[in-house]
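**Q** Starting from these lines, generate the structure:
(chains A and B)
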2 protein chains.
Amino acid sequence: MTNDPKKTLRLLMPQWQGGHLPAYHFGAQLLAWLAPPASGPIAEVQVDLPTTGGLPLEIGIVGRSALLRQLHSAQEILNEQTPDRVVILGGDCLVDLAPFAYLNERYEGDLAVLWVDSHPDILTPEHFSHAHAMVLGNLMGEGDADFANTVKRPVKAANIMYAGLDEMSPGEQEFIERHGLRKATPSELAISSEPVLTWLKATGARNVAIHLDLDVLDPAQFRSLLFANPKAAPDAFAGIPQGKMPIADVVRLLRDVAQIADVVGLGITEHLPWDAIALKEMLAALPLLGTSNG
Amino acid sequence: MTNDPKKTLRLLMPQWQGGHLPAYHFGAQLLAWLAPPASGPIAEVQVDLPTTGGLPLEIGIVGRSALLRQLHSAQEILNEQTPDRVVILGGDCLVDLAPFAYLNERYEGDLAVLWVDSHPDILTPEHFSHAHAMVLGNLMGEGDADFANTVKRPVKAANIMYAGLDEMSPGEQEFIERHGLRKATPSELAISSEPVLTWLKATGARNVAIHLDLDVLDPAQFRSLLFANPKAAPDAFAGIPQGKMPIADVVRLLRDVAQIADVVGLGITEHLPWDAIALKEMLAALPLLGTSNG
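**A** Alright, predicted model coming up:
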């Protein structure tokens, strides 16, 4: 596997509307600050700044028009830059839609997609109004037509596998069974990466794109997640599956995958650094440091 | 109160040896990134980078020679810049030693010191080997002579008050009673800032320096603290008092203080952003993002 860093695009996409949560915007900025320096070009999708008011529900999807505008901007950047590989720093989960669709076209279907997530992301506006929970369905050509139709070459089900997914709703379960999507649970992956490697070899794909939703991590070990919001009520996320993977298992899995396929896409999403947000706001309000003090 | 921003120095001091914990070094960098832009000059104390090995215990203090070297560097910067006001972004608690001593000289003793902390910071090498727990004692001219002697004009006990301090050891209690140091507990400050404002007026001081050890905050609400390390054993901090203040109470207290005195010093210390450290390390280890992957 040759790896010319000049052909790897780093795409910053501080999108927050897909989860209807302004904190994703700052989370993307901190994520970009924490990431190793890029060795190739960097591009940023222009995203509307968060506002205090809520976003409109537009034909079943909150923030539909802003999300579509940003999706098209990402497509334009990709078509202009024509990278071989893309690192995406989100933002909510939906940020991977344009890049993964681009990669499947770029490699003419010779692409496997590893979805490292505690949620299957195949909902539709009939179930839910936040588009970040719909992105993998869109990549398969399903769901809302405005989003799904941006995927010229849908990813075939056999080339998709979930890692870190465990519990899910009956509707999600039905979708996964109907399409025959593979999955490896956190406890299976705690033993080894073997289930994923076996699937990856069976696909025959030489290229792999990896979606890493940080919420696959155990919120007791990594607290910069939706489910670890210190201001949330104790029962705020009752019934919603939470991540169970240690960071070390995720790192080992992705490195194992890179040993047998060319990682051409990697998206890091759903970073919600509550402490950094609270500290930034606190510092701005203090005398001598903040601007509003005499 | 006039406030010419040109006379406020921002002093970055990513000191970690005073707490013998490399994470303070990165914590200082993230703190500086989160802070509002400086409106005056910025200076950084050169600090040895953390190493994997432990630091030597030198005559009762871990890292004594490095800490003294850094203390003298901070003094040199202050004497050269002669600021009217100083914002200090640490690093461990000891970072406030040189700036607060400088300010008490600069204002010829017309300085009150508000110590917002869950620990009294008056230990000596007879009790403990980490110098960050000794800094207020040093500012009073007590403790290890190499540190205390850098304070040309010790802060008088009547001009010192603790905020957020609650439980303490019998030795600490004895010290506080012997010197007649005032304190307001988290529950008193939850009602109002009045105990601090009454003390501040009684001192007659026109200038105040505020030490804000972030560990005064409740670790259930703000987790970037020593006591909220997700990798620590459940009993790792048994018997050590932890912070109990909400961020909002700290902000209100400091803003109330700024209404009746000139805040000429503000030190933010002990920032330990565990998630950001873990995420940075994770990103560096991932394929396509990290440097060690093919």
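**Q** give the contact list for residue A:17.
**A** Contacts for residue A:17 (CB atoms under 8 Å, 6 or more residues apart in numbering or on different chains) come out as A:47-48, A:55, A:62-63, A:66-67, A:70, A:92, A:131. (C-beta placed from N, C-alpha, C; glycine too.)
**Q** In space, what's closest to it - neighbours in sequence excluded?
**A** residue A:63 (3.4 Å; CB to CB, 6 or more residues apart in numbering or on different chains).
**Q** Pick out the residue nearest the middle of chain A.
**A** Closest to where the C-alpha atoms of chain A average out (CA atoms, centre = their mean) is residue A:93, at 3.3 Å.
**Q** That one: what's it in contact with?
**A** A:18-19, A:117, A:121, A:132-133, A:135, A:211, A:213, A:269-270.
**Q** From chain B, how far out is the nearest residue to it once chain neighbours are set aside?
**A** Among residues not flanking residue A:93 along the chain, residue A:132 sits closest, at 4.1 Å (CB to CB, 6+ apart). With distances taken as CB to the nearest CB, to the nearest Å, residue A:132 is found 19 Å from chain B.
**Q** Could you verify that residue A:132 is part of a helix?
**A** Yes - Residue A:132: assigned to a helix according to DSSP: H, G, I helix; E, B strand; the rest coil.
**Q** Quick check: it vs residue A:269, distance?
**A** 8 Å (CB to CB, to the nearest Å).
**Q** Common neighbours of those two, please.
**A** Contacts common to residue A:132 and residue A:269, judged by CB under 8 Å, 6+ apart, are A:92-93.
**Q** and residue A:277, what helix or strand is that in?
**A** helix A:274-285 (DSSP states H and E).
**Q** ditto for residue A:256
**A** Going by DSSP H and E, residue A:256 is in helix A:247-260.
**Q** in that helix, what's buried?
**A** Neighbour counts over helix A:247-260 (16 or more other CB atoms under 10 Å in any protein chain shown) mark A:247, A:249-258 as buried.
**Q** now swap in stretch A:24-44 and tell me
**A** Going by 16+ other CB under 10 Å, stretch A:24-44 has these buried residues: A:24-32, A:34-35, A:38, A:40, A:43.
**Q** Could you identify the longest helix within chain A?
**A** helix A:64-81 (DSSP state H).
**Q** CA atoms only: put that one into CSV for me.
**A** This file holds the C-alpha atoms of helix A:64-81, laid out as CSV (Å, rounded to 0.1, in the frame of the first residue of the first chain):
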residue,chain,number,x,y,z
ARG,A,64,-32.9,20.3,6.1
SER,A,65,-32.0,23.3,4.0
ALA,A,66,-28.8,24.2,5.9
LEU,A,67,-27.8,20.5,5.8
LEU,A,68,-28.4,20.2,2.1
ARG,A,69,-26.4,23.4,1.4
GLN,A,70,-23.5,22.1,3.5
LEU,A,71,-23.7,18.7,1.8
HIS,A,72,-23.5,20.3,-1.6
SER,A,73,-20.5,22.4,-0.4
ALA,A,74,-18.7,19.3,0.7
GLN,A,75,-19.4,17.6,-2.7
GLU,A,76,-18.0,20.7,-4.5
ILE,A,77,-14.8,20.6,-2.5
LEU,A,78,-14.3,16.9,-3.1
ASN,A,79,-15.0,17.1,-6.8
GLU,A,80,-12.6,20.0,-7.1
GLN,A,81,-9.8,18.5,-5.1
